[in-house]
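In: Have a look at this prediction, sequence included:
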Amino acid sequence: MSDSTNNKTQISNSNPENWFASWFDSPYYHILYKERNYREAQLFMDNLTHYLNLPERAKVLDLACGKGRHAIYLNQLGFDVIGADLSENSILEAQKNSNETLHFQVHDMRETFEDKFDAIFNLFTSFGYFENDEDNLTTLKAIKESLTEYGFAVIDFMNVTNVLNNLVPDEVKHVDGINFHIKRYLKDGHIFKEIDFEDQGHNYHFTEKVKALTLKDFEEMMEEAGIFLLDIFGDYKLKKFHKTESERLIMIFK
């Protein structure tokens, strides 16, 4: 699509069904989010694995693993880890770190794994991307079916109530010489983030869209999927969940 006002190419992830496929494969996704607090993420995984009391060499799935940073850390903790993601580019990058107990594969989270896992982690709001609500239920069922008899699953999602109460509607982030213009809003039960920027003579437009799922929504889906919700936490230190104050909605289930 051409922008006739300045003759610059407009590039976007315009397909609402699969917006995540092109955006997560884009190098700009990794530029924009390069400042994420990975030490905090590692402490979260320390806390999670201790809480779950996973056995040594437990088989762990990092579902929606991106480039594998967290899967690599889980492997360093002594677990046998598979990282799975829909993004082929991310998996190709992650596979550079493979070893005997760390593997990566392209996988759609709606599909059950043949392997069974002692723990499945879906971390850092990597859920609720699908256009069809049924796909979220299908994903939960696939997670449940991919656990061993004594396995546990963890979904770490945003606390929608807190996010909406603190939503910044307009923001500009300056990263690596690029000005990312970001708009956030709630529409049709989804939280949207529209990202516009210019780089090397091209205009880019990407949209992130995540279903605004509350604890009640998850509880209803889990009940339908035959899932037992065992515990709920509100932050990466595993403090008690508070509906309005907590930043995260962390659910332990089987």
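Out: Looks like it came in fine. The structure presented is a predicted model; accordingly, all values stated were derived computationally and were not measured.
In: Name the residues that touch the lengthiest helix in the chain?
Out: Criterion DSSP state H: the longest helix present in the chain is helix 38-52. Residues outside helix 38-52 that contact it (Cβ atoms under 8 Å, 6 or more residues apart in numbering): 69-70, 73-74, 77, 79, 119, 121, 123-124, 152, 154, 156, 236-238, 252. The way it works is simple: take the backbone N, C-alpha and C, and place the C-beta from them, glycine included.
In: For this protein, which residues score under the pLDDT cut-off?
Out: Applying pLDDT under 70 to the chain flags residues 1-22, 24-25, 35-37.
In: now with 90?
Out: The chain contains residues with pLDDT under 90 at 1-41, 56, 66-67, 69, 87-90, 129-133, 175, 200-202, 208.
In: Quickly list the domain ranges of it.
Out: Annotated domains of the chain cover 32-160+213-253, 162-210 [the TED database].
In: got the buried residues for the longest helix of the chain?
Out: For helix 38-52, the neighbour count (16 or more other Cβ atoms under 10 Å) marks 41-42, 44-45, 47-49, 52 as buried.
In: next one: stretch 217-226
Out: For stretch 217-226, a neighbour-count test (16+ other Cβ under 10 Å) marks 217-218, 221-222, 225 as buried.
In: same deal with stretch 84-93?
Out: So, applying 16+ other Cβ under 10 Å, buried residues of stretch 84-93: 84-87, 89-91.
In: between the residues you listed, which is closest to residue 186?
Out: Among the buried residues of stretch 84-93, residue 86 lies closest to residue 186 (Cβ to Cβ), at 25.0 Å.
In: Look up how far residue 206 lies from that closest one.
Out: To residue 206, residue 86 is 16 Å away according to Cβ to Cβ, to the nearest Å.
In: before we move on, what about residue 179?
Out: 14 Å.
In: residues touching the closest residue to residue 137 other than its chain neighbours, list them.
Out: Nearest residue to residue 137, sequence neighbours excluded (Cβ to Cβ, 6 or more residues apart in numbering): residue 221, at 5.2 Å. Contacts for residue 221 (Cβ under 8 Å, 6+ apart) come out as 136-137, 140.
In: quick one: which of these sit in helices?
Out: 136-137, 140.
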